[in-house]
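Enquirer: Let's see this in three dimensions:
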Amino acid sequence: MKKDLLKMDDLSKEEILEILNIADQLKYELKHNMPHEHLKGKTLGMIFEKRSTRTRVSFETGMYQLGGNALFLSARDLQAERGEAVEDTARVLSRFLQGIMIRTFSQEEVETFAKYATVPVINGLTDTEHPCQVLADLMTIREYKNILDGLNIAYIGDGHNMCNSLIIGCLKVGMNLSIACPEGYHPSDSYINRGKEIAKKENVTFNVYSSPEEAVKNADVVLTDMWISMGQEAEAEERKKAFKNFQVNNTLLELAKPNALVLHCLPAHRGEEISAETFEEHSVEIFDESENRLHVQKAVLLKLMKNN
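Expert: Have a look, this model is predicted:
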């Protein structure tokens, strides 16, 4: 039976840790020039309705390193732009490809695509979730801190896709999570309620604040993301006003632990969600985080496509 990765809740705690372990191994092998062409002869279709730097390059490079091929498909390359149903596109592409990655706006579109596809489907980002990025975040945190269990994580910013996936991913692996969003920009009730369920099961804490200062107290890791996502350009001025007190900077970090990591999924807007000074001081871990997209996505591809 095929398995998809459409949202973080598609993965159990054990599966998340398995992916991280595979990613660690693949990263080690790559750094030591050890070939691992486990997907030789297989092709990944990559559908992009949203522009990308990291997602396209990391998936395409990852498939090449695994011995397979990656096929880039923009919306203009597909008949879907001329009205072909998502259901039909999914079934057609399943006859040619061994896996499909989609980076788009609507989570519903990805869910529908996966329902009709007969090959694994991976969410490369939607407005609702960003599971591959959160897997890279978890990999980076474990590299720097050696553990995940019991760490205090703070997320400062919009309660959107990154926040949603962090709620599920961080709590499932046993981390305490505090998030801070401006009023009106909190995650949906469904994600908050799901977070509370997982926190209770894993015996960890989950707090939602409207104050960044409350969220970062005693944090081992502080994460942020840009205030204005793709498709929200018309809201730019309104969002800048709402988020003006939600910048990650050195003053805010004084409330976190002295050796706290700072992570950002990129692209970064210095002077908005993170100060230029803080970004540069933590640039090593931020770009390690970016690189780890390659390694965790290779692990996901291997887990989902090897036997497909």
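
Enquirer: hmm, who's touching the lowest-mean-pLDDT helix or strand in the chain?
Expert: One helix or strand of the chain scores below all others by mean pLDDT, DSSP states H and E: helix 236-243, with a mean of 93. Helix 236-243 is contacted from outside by 157, 158, 182, 183, 184, 185, 227, 228, 232, 272, 273, using CB atoms under 8 Å, 6 or more residues apart in numbering. (Glycine included, C-beta is placed from N, CA and C.)

Enquirer: Swap in 10 Å and give it another go.
Expert: Around helix 236-243, the neighbours that count as contacts under CB atoms under 10 Å, 6 or more residues apart in numbering are 156-158, 181-185, 212, 226-229, 232-233, 235, 269, 272-273.

Enquirer: Return the residues in contact with residue 171.
Expert: 8, 13, 153, 177, 194-202, 204-206 are the contacts of residue 171 under CB under 10 Å, 6+ apart.

Enquirer: hang on, the earlier thing: quick one: distance of the least confident helix or strand of the chain to the chain centre.
Expert: Distance, stretch centre to chain centre, for helix 236-243: 24 Å (CA atoms, centre = their mean, to the nearest Å).

Enquirer: Show me what counts as buried in stretch 109-123.
Expert: Within stretch 109-123, the residues scored as buried using 16 or more other CB atoms under 10 Å are 109, 110, 111, 113, 114, 116, 117, 119, 120, 121, 122, 123.

Enquirer: now the stretch 51-200 of the chain, which segments are flagged as low pLDDT?
Expert: Along the stretch 51-200 of the chain, segments meeting pLDDT under 70 span 79-82.

Enquirer: Quick one: the strands in it, in order.
Expert: Applying DSSP state E, counting those that start in this stretch to the stretch 51-200 of the chain gives strands spanning 69-74, 99-103, 121-125, 152-156, 176-180.

Enquirer: Columns distance to residue 296 on top of those, output as CSV?
Expert: Output for the strands of the stretch 51-200 of the chain, formatted as CSV (distance: least, CB to CB, whole Å):
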stretch, distance to residue 296
strand 69-74, 16
strand 99-103, 13
strand 121-125, 11
strand 152-156, 17
strand 176-180, 19
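
Enquirer: domain ranges for this structure?
Expert: 8-130+293-305, 132-289 (automatic domain parsing).

Enquirer: buried residues in the least confident helix or strand of the chain?
Expert: In helix 236-243, counting by 16+ other CB under 10 Å, buried: 239, 242, 243.

Enquirer: after that helix, next one along is what?
Expert: Using DSSP states H and E, the helix or strand that follows helix 236-243 towards the C-terminus is helix 250-253.

Enquirer: average model confidence for the helix or strand just after that next one?
Expert: Per DSSP H and E, helix 250-253 leads on to strand 261-264 as the next helix or strand towards the C-terminus. Strand 261-264 shows an average pLDDT of 98 in the prediction.

Enquirer: just how off-centre is strand 261-264 within its chain?
Expert: Worked out by CA atoms, centre = their mean, strand 261-264 lies 14 Å from the chain centre.

Enquirer: And for stretch 274-287, what's in contact with it?
Expert: For stretch 274-287, using CB under 10 Å, 6+ apart, the contacting residues are 140-141, 143-144, 156-157, 221-222, 224-226, 247-253, 260-266, 268-271, 273, 289.

Enquirer: With just CA atoms, put that stretch into PDB.
Expert: Output of stretch 274-287 as PDB, limited to C-alpha atoms (Å, rounded to 0.1, in the frame of the first residue of the first chain):
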ATOM      1  CA  ILE A 274      14.500  38.800  12.300                       C
ATOM      2  CA  SER A 275      17.100  41.500  12.800                       C
ATOM      3  CA  ALA A 276      20.100  41.600  10.500                       C
ATOM      4  CA  GLU A 277      22.500  41.200  13.500                       C
ATOM      5  CA  THR A 278      20.700  38.200  14.900                       C
ATOM      6  CA  PHE A 279      20.500  36.500  11.500                       C
ATOM      7  CA  GLU A 280      24.200  36.900  10.900                       C
ATOM      8  CA  GLU A 281      25.100  35.700  14.400                       C
ATOM      9  CA  HIS A 282      23.100  32.500  13.800                       C
ATOM     10  CA  SER A 283      23.700  32.100  10.100                       C
ATOM     11  CA  VAL A 284      25.700  28.900  10.500                       C
ATOM     12  CA  GLU A 285      22.800  27.000  12.000                       C
ATOM     13  CA  ILE A 286      20.300  28.600   9.700                       C
ATOM     14  CA  PHE A 287      22.200  27.500   6.600                       C
END
